[in-house]
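# Got a predicted model here, sequence first, then my questions.
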Amino acid sequence: MSVEWREIRTDRLLLRALDPDDRDDVVEIQTDPRTNVHHPGPPGVDETEVKLTAWLEHWKAHGFGYVAVVALDSREVVGIGGLQHLEFGGVRLLNLYYRFRPEAWGRGYATEMATAVVEWAEREMPELPVQISVNIANAPSLRVAERLGFTAYTETFYDGAVSRHFRRL
C-alpha cells in the first residue's frame with residue numbers, strides 16, 4: 001500500500017520526509033549516548049547509516065515513513081519520528097517512533113509530533129493500528145503514550161529490553 005505524504009506543520013514543528021541530506025543530523029541524534037539511556041545497545045555510526053538507508057527505502061516503497069522533525073523557530077532538525085510498517089505478534093501495524101536531541105527534551109515535541117502523525121495515519125490508513133513500544137524504564141516515553149490516549153496491551157522482551165506495547169483503542 002502506498003499513500004501520499006505531505007509535510008505537516010504543527011504550531012511549532014515541521015514534519016517532513018527524511019532525505020539523504022539528513023544523514024549528519026540522524027547520526028548525531030541516533031548515536032548520542034544521552035538519547036540511548038533506555039536502549040541496551042546504542043547504535044554506532046555504521047548501524048545508524050544502515051537504518052537511515054532502510055528508512056529511506058520505506059519512503060520509496062510506501063510513500064511515508066519516519067520524518068525529520070524541524071523546529072519552526074530555529075529551522076533545526078530537533079528529532080526524528082513518524083510511522084513505519086511493522087509486523088508484531090502476527091499483526092500488521094504502524095510503528096510510532098521518535099527520538100529527539102536532548103536539547104529539545106521537555107518541550108512537548110514528542111507529543112506534538114506524535115499527535116500529528118497519528119491523526120494523519122488514522123485518516124489515511126485507518127485499517128492499520130498504530131503501536132508504540134516503550135522500554136518499561138523509559139518514564140518520559142510512557143507518559144507520552146498515555147497523553148496520546150494509547151492503552152497498554154502487552155509487555156514483551158523487545159529490541160533488547162522489556163517493553164510495554166501500546167495501541168489506541
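Everything's here; your move.
# Need the three-state assignment for residue 95.
Following DSSP: H, G, I helix; E, B strand; the rest coil, the label given to residue 95 is strand.
# Give the buried residues for the helix or strand hosting residue 30.
In this structure, residue 30 sits in helix 23-31 according to DSSP states H and E. Neighbour counts using 16 or more other Cβ atoms under 10 Å place 23, 25-27, 29-30 of helix 23-31 among the buried residues. (C-beta placed from N, C-alpha, C; glycine too.)
# Format those as a markdown table; extra columns: pLDDT and distance to residue 6.
Conversion of the buried residues of helix 23-31 to a markdown table gives the following (pLDDT from 0 to 100; distance: Cβ to Cβ, whole Å):
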| residue | pLDDT | distance to residue 6 |
| --- | --- | --- |
| 23 | 96 | 23 |
| 25 | 96 | 21 |
| 26 | 95 | 22 |
| 27 | 94 | 27 |
| 29 | 94 | 24 |
| 30 | 92 | 25 |
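# Can you tell me which of the residues you listed lies closest to residue 66?
Of all the buried residues of helix 23-31, residue 26 has the smallest distance to residue 66: 9.1 Å, by Cβ to Cβ.
# Would you mind listing the residues in contact with the closest one?
When contacts are counted by Cβ atoms under 8 Å, 6 or more residues apart in numbering, residue 26 touches 18, 48, 51-52, 80.
# What distance do you get for it to residue 18?
Counting by Cβ to Cβ, to the nearest Å, the separation of residue 26 from residue 18 is 7 Å.
# same check, this time on residue 58
Residue 58 sits 9 Å away from residue 18 when distances are taken as Cβ to Cβ.
# can you list residues touching both of the two?
Residues within reach of residue 58 and of residue 18 at once, by Cβ under 8 Å, 6+ apart, are 65-66.
# and the two? which has more neighbours close in?
Neighbours of residue 58 and residue 18, each counted by other Cβ atoms under 10 Å, are more numerous for residue 18; the result is 21 against 18.
# Tell me where the model's unsure across this protein.
Segments of the chain classed as low confidence (criterion: pLDDT under 70) are 1-2, 40-41.
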